[in-house]
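> Mind folding the following:
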Amino acid sequence: QVPKNRSRAIGFIIILLLHVSTIHLKAVTFKAPSGQLLGRNGALNDDAWSFFSNPAGVAKMLTPVAGIGYQNDYFLNELSSRSAMFVIPTSLFVGAAGFSHFGFSHFSLQQYSLMAARELAPWLNMGMRFNYHLRQQIGSNNYGLLTIDAGLQFFPDEKASIGFFVSNPAQVKWDLVEVVEYHPTFVASAIQFQPVSALKFELGVAKEMETLASVSFFMEGALHPQVLLRCGAASSPLRLGFGAGLLWQSLIFDIGMNHHSTLGLSSSFGILFNLPSIKRRQSVAEL
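Coordinates of the predicted model:
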């Protein structure tokens, strides 16, 4: 029965991936330093920063994690983002809550999210995120919007991974005064190959509605057991990303830089704090 179910799941995921276009990711309020900031589309993020991309990425986490982050586009304070989140595993699922804030006093976008992810099998993760978006503009009313995101991550063997997620699949719109404005809808998928435990290669494709497809490449390698080096590239338009991760006791420091072919440099920085005193009782794989 298990091989049969696995074959059906493989077929279902491949069909989804074949129907995926791609995303430009400009709709993401906060670009994580280990993911979207480097050009990565986020479909195969597997750390706590998955809270801001594919919710399935936290399904295998065993200990609670708290994190804060800051992002700045093109060295303009008006295009900066702040974020915070908390991820906690339970015996039934991994839950998370957090927010991000983009903009300044005259215009801002805030996103408050609740998320749940579960390891359905040792080779399959699934996650869902519920978002409340708050739009504030000086001289105008405040507007709110509810959206849902969902994602899958599939592991056909020890060296290969496939990820897929979609944001706002219902294509919910902003109902402004006498104007209806689309909230971005996008889908993303990625394939990862890990020849050895200390090296990852990832190829992704993504599309936001009514924009050109974006193809991305990402690589991560361990320079030292406590130091990770990352680089990435994405198209439409060309963006190059470089970053690093530093592990020190219960803290993880992530930093990323991105160069836009026309607009210049952007940066993102984050700190994750692991709480080893509270451990997940039992993973799905052990049940």
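
> Any regions of the protein where pLDDT drops low?
The chain contains residues with pLDDT under 70 at 1-28, 277-287.

> ok, and the closest non-adjacent residue to the most centrally placed residue in the chain?
For the chain, the residue sitting closest to the mean C-alpha position, by CA atoms, centre = their mean, is Ser53 at 1.9 Å. Take Ser53 and drop its neighbours on the chain: the residue closest to it by CB to CB, 6 or more residues apart in numbering is Gly42, 2.6 Å away. C-beta: built from backbone N, CA, C; applies to glycine.

> isn't the residue nearest to the centre of the chain right up against Leu37?
No: between Ser53 and Leu37 there is no contact under CB atoms under 8 Å: 10.9 Å.

> For Ala116, see how far away Lys239 is.
If you look again at residue 239, you'll see it is Arg, not Lys. Separation of Arg239 from Ala116 (CB to CB, to the nearest Å) stands at 31 Å.

> rewinding a little: quick one, what contacts the residue nearest to Ser53?
Applying CB atoms under 8 Å, 6 or more residues apart in numbering, we find Gly42 in contact with Leu25, Val28, Ala32, Gly35, Gln36, Ser50, Phe52, Ser53, Asn54, Gly57, Phe165, Ala188.

> tell me which element it falls in.
Using DSSP states H and E, Gly42 sits in no helix or strand.

> Sheet partners, orientation included, of the host helix or strand of Gln110?
Element membership for Gln110, per DSSP H and E: strand 107-121. Strand 107-121 sits in its sheet next to strand 94-103 (antiparallel), strand 124-137 (antiparallel), going by DSSP bridges.

> Bridged to the residue nearest to Ala160 when sequence neighbours are not counted, which residues?
Nearest in space to Ala160, with sequence neighbours left out and distances taken as CB to CB, 6+ apart, is Phe193 at 5.8 Å. Following DSSP bridges, Phe193 is listed with bridge partners Ala160, Phe201.

> wait, doesn't Phe193 sit right on Leu199?
No: under the criterion of CB under 8 Å, Phe193 is not in contact with Leu199, lying 9.2 Å apart.

> Please enumerate the helices of the chain.
2-18 (DSSP state H).

> quick one: contacts for the closest residue to Gly270 other than its chain neighbours?
In space, and not counting its chain neighbours, Gly270 is closest to Gly69: 3.6 Å by CB to CB, 6+ apart. Neighbouring residues of Gly69 by CB under 8 Å, 6+ apart: Phe30, Ala32, Pro33, Trp49, Ser81, Arg82, Ser83, Ala84, Ser268, Phe269, Gly270, Ile271.

> can you do 7 Å?
Phe30, Ala32, Pro33, Ser83, Ser268, Phe269, Gly270 (CB atoms under 7 Å, 6 or more residues apart in numbering).
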